[in-house]
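J.: Pasted the sequence and its predicted model underneath.
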Amino acid sequence: MTFRDIIEGMHRKEPAIRGGALAGSDGLAVEEWSAAGGLDLPALCAEMVQFFKESGRLAHEQGLGGASEVFIAGDDGLLFLQRVTADYYLLLVTAPGAVPGKCRFLLRQGASRAREML
């Protein structure tokens, strides 16, 4: 099994998932998958990993502990980023009709599988 297989498996369970990637703590995509193209996953990884780190700093300052997941709802879709390890993150991009709870569940499962592979 590859990281790409993990993301494709999430898409099979939730067709609204448009793509995803495993990214390093430097923001570089290690492996990515997209259902239909049109996503700039390397750029999203770079931006979202930095956003995650800043969100974690803010959460820690407010007594919430370290961040483990970030979710952004946009007009045209949803973004999810889950910390896999201290050095890796799993990103998902969905269509607007996706069910956030289901996507978060699948993301957690995917992160667990990815953790086992690292």
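T.: Cool, got the structure.

J.: Could you check which helix or strand contains the residue minimising distance to the centre of the chain?
T.: Of all residues in the chain, the one closest to the mean position by CA atoms, centre = their mean is Leu91, 1.7 Å from it. If you go by DSSP states H and E, Leu91 is part of strand 88-94.

J.: other SSEs contacting that strand?
T.: Under the contact definition 3 or more CB pairs under 8 Å, 6 or more residues apart in numbering; DSSP states H and E, strand 88-94 sits against helix 3-13, strand 17-24, helix 41-61, strand 77-83, helix 100-117. Placement of C-beta: from N, CA and C, glycine included.

J.: Single out the most deeply packed of the ones you listed.
T.: Counting by mean count of other CB atoms under 10 Å, strand 17-24 has the highest mean neighbour count of the helices and strands packed on strand 88-94, with a mean of 24.

J.: elements contacting that strand?
T.: Against strand 17-24 (3+ CB pairs under 8 Å, 6+ apart) you get helix 3-13, strand 29-34, helix 41-61, strand 88-94, helix 100-117.

J.: Out of those, which gets nearest to Gly74?
T.: For the helices and strands packed on strand 17-24, proximity to Gly74 was assessed by CB to CB; strand 88-94 is nearest, at 9.8 Å.

J.: Give me the angle between the closest one and helix 3-13.
T.: Interaxial angle of strand 88-94 relative to helix 3-13 (axes from the mean of the first three to the mean of the last three CA atoms, to 10 degrees): 30 degrees.

J.: which residues sit against strand 88-94?
T.: By CB atoms under 8 Å, 6 or more residues apart in numbering, the surrounding residues in contact with strand 88-94 are 6-7, 10, 14, 16-25, 30, 39, 41, 44-45, 48-49, 52, 77-84, 103, 106-107, 110-111, 114, 118.

J.: List the beta-bridge partners for the residue lying closest to Phe51 once chain neighbours are set aside.
T.: Leaving aside its chain neighbours, Phe51 sits nearest to Val70 (6.5 Å; criterion: CB to CB, 6 or more residues apart in numbering). Going by DSSP bridges, Val70 is paired in beta bridges with Leu81.

J.: residues in contact with Val70?
T.: 48, 51-52, 55, 79-81.
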